[in-house]
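1. Sequence plus the predicted model coming up.
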Amino acid sequence: MGFFSDRRNRLVEGYLTRMVKTGATDVSVPDLYFDAACRYAQDNGGKLYPDMRDSIIFDKVIDGQNYSVFFLVGRGAKGTNITLTKKCDASTADDLVAPDGDFPTWAEDEDKRQAFIEGVLCEAERKGMPLAYAEGMFLVKESAKVFLFIAAEYEKAGNNFAQQQEGVATSMLLGWNNIDDSTRKKFLDYK
């Protein structure tokens, strides 16, 4: 790594470490260019998607804990907003999915999974959730597994595909309603 990438890494890691030490889950950093934060995320396994050029999410171990790190272009395209979400340990996440790994019968079909996600996103948006929030929830592996488990429970109860999508969107809405106002505002302001 070169001088500038080392400097960038120290700067971003300093922000992340301070957030963990102070318990902050959401900060706005006006002097951190999104391009620099994005390169840092990509160096740590994040993937920038063509349709989501203003945000990136990746997993990172900080002070021995697993976190999902979400970078979002700051308001007015200035700086970067950082959101940290503490992730479950792998064994805990597996427990959330169920010991036998229950998934809906259609879970192995890539086309059905994609149709499921698209339907949930449409339903979530209809319920008033910003698309950036709903899409971000599917990018976190543990959240996606939980949503598939919820869909499996709806399927076992005899609900059809559309009802499973609606049930997962309703569960997602519960999460949306429980985040703090400042974080919610950032998602609402995101265009």
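-> Thanks, I have it.

2. Domains in the protein, by residue range?
-> As assigned by automatic domain parsing, the chain contains the domains 3-87, 91-177.

3. Nearest to the spatial middle of the chain, which residue is it?
-> Residue closest to the mean C-alpha point of the chain, counted by CA atoms, centre = their mean, is residue 136 at 3.5 Å.

4. which element follows the worst-scoring helix or strand of the chain on mean pLDDT toward the C-terminus?
-> The weakest-scoring helix or strand in the chain, judged by mean pLDDT, DSSP states H and E, is helix 90-97 (a mean of 40). Where DSSP states H and E defines the elements, the next helix or strand beyond helix 90-97 is helix 110-126.

5. ok, back up a step: retrieve the pLDDT associated with the residue nearest to the centre of the chain.
-> Here, the pLDDT recorded for residue 136 equals 82.

6. coming back round to it: worst mean pLDDT among the domains of the chain?
-> domain 91-177 (a mean of 80).

7. Strands along this structure, start to end?
-> 26-29, 55-62, 65-73, 80-86 (DSSP state E).

8. Serialize those strands to JSON lines and add fields for distance to residue 128.
-> Glycine gets a C-beta too; all of them are placed from N, C-alpha and C. Listed next are the strands of the chain as JSON lines, based on distance: least, CB to CB, whole Å:
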{"stretch": "strand 26-29", "distance to residue 128": "20"}
{"stretch": "strand 55-62", "distance to residue 128": "20"}
{"stretch": "strand 65-73", "distance to residue 128": "19"}
{"stretch": "strand 80-86", "distance to residue 128": "20"}
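
9. Reformat these into a markdown table and put distance to residue 5 and mean neighbour count next to each item.
-> A markdown table is the format used below for the strands of the chain (distance: least, CB to CB, whole Å; neighbours: other CB atoms under 10 Å):
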| stretch | distance to residue 5 | mean neighbour count |
| --- | --- | --- |
| strand 26-29 | 18 | 18 |
| strand 55-62 | 16 | 18 |
| strand 65-73 | 16 | 20 |
| strand 80-86 | 17 | 20 |
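
10. out of the ones you listed, which comes closest to residue 122?
-> With CB to CB, the closest approach to residue 122 among the strands of the chain belongs to strand 55-62: 19.6 Å.

11. and the nearest residue to residue 180 once chain neighbours are set aside, what does it touch?
-> Residue nearest to residue 180 in three dimensions, not counting chain neighbours: residue 26, with 7.4 Å by CB to CB, 6 or more residues apart in numbering. Contact partners of residue 26, counting by CB atoms under 8 Å, 6 or more residues apart in numbering, are 81, 82, 83, 84, 180, 182, 183, 186.

12. Among those, find me the one that's closest to residue 73.
-> Nearest member of those to residue 73, counting by CB to CB, is residue 81, at 7.6 Å.

13. That closest one reaches residue 27, doesn't it?
-> Yes. Using CB atoms under 8 Å, residue 81 is in contact with residue 27, at 7.3 Å.
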